[in-house]
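Visitor: Need the 3D shape of this:
(chains A, B, C and D)
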2 protein chains.
Amino acid sequence: MAKTYSIRQLTKEMGVTSRTLRHYEDEGLLSPERQGLARIYSQRDRARLQLILRGRRVGFSLAEIREILDLYNAEDHGVAQFQHSRKKFAERIVALEAQRKDIDESIAELKLAVERADNFLAEHHAAQNPPRVKMTGYSVMPAAE
Amino acid sequence: MAKTYSIRQLTKEMGVTSRTLRHYEDEGLLSPERQGLARIYSQRDRARLQLILRGRRVGFSLAEIREILDLYNAEDHGVAQFQHSRKKFAERIVALEAQRKDIDESIAELKLAVERADNFLAEHHAAQNPPRVKMTGYSVMPAAE
DNA sequence: GCCTCCGTTTACGCGAACGTCAAGATGAGT
DNA sequence: ACTCATCTTGACGTTCGCGTAAACGGAGGC
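Guide: Numbers count the residues shown, from 1 in each chain, chains lettered A, B, ... in the order given. As a prediction, the model looks like this:
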């Protein structure tokens, strides 16, 4: 028999609440089997959940995630549908690459900020009780553009 | 005289509405000067706005952005404050790097999906009117884990 | 004087993504 | 049979990030 999961198991493993899983079900992102009332999650459900959560972490809305999942999930497609899917996927890729650029830039800026803090702390390590200090040189903002 | 911007100019340049700028001001993210009632945005305001918008694109909440901006912006810090800032910045960097990993994985998966679509379309290009086709091999989901 | 922009404040509204009760079903253990 | 944990289905509440009127204030052109 294929391995299955209770709702509790899955919430603990994935770090979400049961409410979240039910919400995803309401939104059509998951559709676990039932044993009576209880939900029984399959490996496939678990895999979908992982995709959903990663989608969320990269900023997709649940509606967007559902769309992607539907495109993946289709069992019965014509050529036109495949072309449509391909196009959608390609669009997502472009958006994600732009987002990665934003992230890289943010990281670079934060690293600069860390460096400046380190410099400051190094300077004022020997000095005892530096009572108050004005920011030197670099103004309030990192250089824009 | 340093260059300044009206609210309209800034909205057009940045692709946001005036409501958004006022909202950021309400939230303490911007504080443009005034000429009477009218807002006058400086270069610094513009730079901050760019940071805000990029922050939003990478998934920061306005509260988080304000915190980062405040850390940047402080004019008068003690050693303890600098240490605190440094720590916060470092945490953000770690989070962003994790996020970049998620993005890279998402991109990789979407590229696979595009490839599969291309394969399908190549196969069924010569064939006329492929009426209906079942997904072959790869199941509903990409391999989990 | 009046129109037309561009700007302002105040404030209610909204969709997304859940949180948070309330009230009950179901099975396992004693 | 009783308790207990774990599940269920509503259904209203909350936070965030603005959208969207409503109502008004100058400044410039005709």
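
Visitor: shaky segments in chain A?
Guide: A:1, A:126-145 (pLDDT under 70).

Visitor: Break it into its domains for me.
Guide: A:1-59, A:74-125 (automatic domain parsing).

Visitor: what's the closest of these to DNA strand C?
Guide: Within these, the stretch nearest DNA strand C is domain A:1-59; the backing value is 3.7 Å (CB to the nearest atom of the strand). All C-beta spots, glycine's among them, are computed from the backbone N, C-alpha and C.

Visitor: where does chain A come near DNA strand D, residue by residue?
Guide: A:S6, A:I7, A:R8, A:S18, A:R19, A:R22, A:L37, A:A38, A:R39 (CB under 7 Å from any atom of the strand).

Visitor: quick one on the thing from earlier: can you add distance to DNA strand C and give the domains of chain A back as CSV?
Guide: Listed next are the domains of chain A as CSV, based on distance: least, CB to the nearest atom of the strand, whole Å:
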stretch, distance to DNA strand C
domain A:1-59, 4
domain A:74-125, 15
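
Visitor: Of all those domains, which one comes closest to B:L29?
Guide: domain A:74-125 (15.9 Å; CB to CB).

Visitor: Is there proximity between the closest one and chain B?
Guide: Yes. Domain A:74-125 lies within reach of chain B by CB under 8 Å from any CB of the partner chain, at A:74-79, A:82-83, A:85-86, A:89-90, A:92-93, A:96-97, A:99-100, A:102-107, A:109-111, A:113-114, A:117-118, A:120-121, A:124.

Visitor: Mind checking which of those are in helices?
Guide: Among the residues of domain A:74-125 next to chain B, DSSP state H puts A:79, A:82-83, A:85-86, A:89-90, A:92-93, A:96-97, A:99-100, A:102-107, A:109-111, A:113-114, A:117-118, A:120-121, A:124 in helices.

Visitor: Of these, grab the buried ones for PyMOL.
Guide: To isolate the buried members of those in PyMOL, using 16 or more other CB atoms under 10 Å in any protein chain shown:
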select buried, chain A and resi 79+82+85+86+89+92+93+96+99+100+102+103+106+107+109+110+113+114+117+120
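
Visitor: Would you check how far apart the closest residue in space to A:K88 that isn't next to it in sequence and A:V58 are?
Guide: Closest residue to A:K88 apart from its sequence neighbours, by CB to CB, 6 or more residues apart in numbering or on different chains: A:L71 at 6.1 Å. To A:V58, A:L71 is 17 Å away according to CB to CB, to the nearest Å.

Visitor: Which one's more surrounded, these two?
Guide: A:V58 (24 against 19; other CB atoms under 10 Å in any protein chain shown).

Visitor: now stretch A:102-119, how far from the centre of its chain.
Guide: 21 Å (CA atoms, centre = their mean, to the nearest Å).

Visitor: Could you do stretch A:10-17 as well?
Guide: On CA atoms, centre = their mean, the centre of stretch A:10-17 falls 15 Å from that of its chain.

Visitor: Between the residues of chain A next to DNA strand D, identify the one with the most neighbours.
Guide: Going by other CB under 10 Å, A:R39 tops the residues of chain A next to DNA strand D with 20 neighbours.

Visitor: ok, now which ones touch that one?
Guide: Contacts for A:R39 were tallied using CB atoms under 8 Å, 6 or more residues apart in numbering or on different chains; they are A:S6, A:I7, A:L21, A:E25, A:P32, A:E33.

Visitor: Run the chain-centre distance for the host helix or strand of it.
Guide: Here A:R39, judged by DSSP states H and E, is contained in strand A:38-42. Here the centre of strand A:38-42 is set off from its chain's centre by 24 Å, with CA atoms, centre = their mean.

Visitor: Check whether whichever helix or strand comes after it comes near chain B.
Guide: As assigned by DSSP H and E, the chain's next helix or strand after strand A:38-42 is helix A:43-57. Yes. Interface with chain B: helix A:43-57 contributes A:Q43, A:R44, A:R46, A:A47, A:R48, A:Q50, A:L51, A:R54, A:G55, A:R57 (CB under 8 Å from any CB).
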